[in-house]
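Visitor: Structure for the following, please:
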Amino acid sequence: MNWYYEQDGERMGPVDEERFQHLLLAGTVDPDTLVWKPGMQEWQAYRHFQEQGSAPPVPGQSRCMECGLFFDPNQLVQYGDEEVCAGCKPLYTQRLIESGRRPTIAGADGRSREIRFAGFWVRVGAFVVDFLALSPLIGPLTYFYILGAMNDELHEVREILQQQALSFGQGSLMTAIYIGYFAFMNAKYEASLGKMAFGLKIVRENGARISTKLAIGRAFAWELSSMLCNLGYLFAAFDSEKRALHDMICKTRVIYKPTRPAKPLPKDA
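Guide: This is a model prediction of the structure:
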């Protein structure tokens, strides 16, 4: 079957299926490109064929089960055996809520399991555990940091500047300890000690394991949530997927570790 397509206002073709696949991969033909093939009465956007399911599969890409369009796998959110694009995610999630079912992710054994997002208070509890775990390192630094800030016996400019420099160094060291701790734990174990204690883990928005680079980036974003008077953490109390500010920035989720298989999705879901 030969295809014709429009490019820069000119109609190109014919091209065979193999060549058409290369055009799709190169982005020359996208969902809004006008195409035509024998048997059609008029030119139509390629999106029409994708929505009908009559478009040829695109190598290396997956199809959104809602709109029928093809995307790179990292642009799709996976719920069990189903994948949806970012544009369709709100509608898909709303349908799951209305049906009384939860989104799912694939477990280690390949079976789908329900997602349970970790709420605000359980995450507060996890942080308390992390704080206690780090207290042998953070405690003395915090003590001397506060003691320096309350020192009102400094009068000379040199003494004041030295104390400020020392306080800055202590604060920077505490920040580095937190960032290093969370980056290492999240990259290696998908959770800090506190999250492990409550049966939580951090995943990407499609349920996949977070990479080392993402774990490091999330640790820095976590510090940003702290810098904003801790308001970044409060986002988790109001967001439907319990995301804090650093989760929104890094596109991560904190969930309970899946333990039981999810109920199979009905065919008409």
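
Visitor: From here on, just use CA atoms for contacts and neighbour counts.
Guide: Fine.

Visitor: burial count for residue 193?
Guide: 20 (other C-alpha atoms under 10 Å).

Visitor: can you give me the strands in the stretch 151-269 of the chain?
Guide: Assigned by DSSP state E, counting those that start in this stretch, the strands in the stretch 151-269 of the chain fall at 200-204, 252-256.

Visitor: Out of those strands, which is closest to residue 126?
Guide: Taking C-alpha to C-alpha, strand 200-204 is the member of those nearest to residue 126, at 8.8 Å.

Visitor: how deep is the nearest residue to residue 214 once chain neighbours are set aside tucked in, by neighbour count?
Guide: Distances taken as C-alpha to C-alpha, 6 or more residues apart in numbering put residue 250 closest to residue 214, at 7.1 Å, once the chain neighbours are dropped. For residue 250, the count of nearby residues is 18 (other C-alpha under 10 Å).

Visitor: I'd like to know which of the strands of the stretch 151-269 of the chain is closest to residue 125.
Guide: Checked against C-alpha to C-alpha, the stretch from the strands of the stretch 151-269 of the chain lying closest is strand 200-204, at 11.3 Å.

Visitor: Using PDB, write down the CA coordinates of the closest one.
Guide: C-alpha atoms of strand 200-204 as PDB (Å, rounded to 0.1, in the frame of the first residue of the first chain):
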ATOM      1  CA  LEU A 200       6.700   3.100  51.000                       C
ATOM      2  CA  LYS A 201       8.800   3.500  47.900                       C
ATOM      3  CA  ILE A 202       9.400   6.200  45.300                       C
ATOM      4  CA  VAL A 203       8.600   5.500  41.600                       C
ATOM      5  CA  ARG A 204       8.300   7.400  38.400                       C
END
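
Visitor: For residue 40, which three-state class applies?
Guide: Assigned by DSSP: H, G, I helix; E, B strand; the rest coil, the conformation of residue 40 is coil.

Visitor: How many residues are close by it?
Guide: 9.

Visitor: Next: residue 241.
Guide: What residue 241 shows, counting by other C-alpha under 10 Å, is a neighbour count of 19.

Visitor: Any figure for the gap between the spatially closest residue to it that is not a sequence neighbour and residue 244?
Guide: Nearest non-adjacent residue to residue 241, counting by C-alpha to C-alpha, 6+ apart: residue 117, 6.1 Å away. Counting by C-alpha to C-alpha, to the nearest Å, the gap from residue 117 to residue 244 is 12 Å.

Visitor: Compare those two and say which is more crowded by neighbours.
Guide: Shown here are residue 117 and residue 244; by other C-alpha under 10 Å, residue 244 has more neighbours (25 against 18).

Visitor: where do the helices sit along this structure?
Guide: 17-26, 47-52, 89-98, 120-149, 157-189, 193-197, 212-227, 231-238, 245-250 (DSSP state H).

Visitor: so which of those comes closest to residue 256?
Guide: helix 193-197 (9.1 Å).

Visitor: follow-up on the earlier one: could you check the strands of the stretch 151-269 of the chain and tell me which one is nearest residue 43?
Guide: strand 200-204 (39.8 Å).

Visitor: Look up how far residue 224 lies from residue 125.
Guide: Residue 125 is 20 Å from residue 224, by C-alpha to C-alpha.

Visitor: would JSON lines of the strands of the stretch 151-269 of the chain with mean pLDDT, distance to residue 212 and mean neighbour count be doable?
Guide: Output for those, formatted as JSON lines (pLDDT from 0 to 100; distance: least, C-alpha to C-alpha, whole Å; neighbours: other C-alpha atoms under 10 Å):
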{"stretch": "strand 200-204", "mean pLDDT": "88", "distance to residue 212": "12", "mean neighbour count": "22"}
{"stretch": "strand 252-256", "mean pLDDT": "88", "distance to residue 212": "13", "mean neighbour count": "22"}
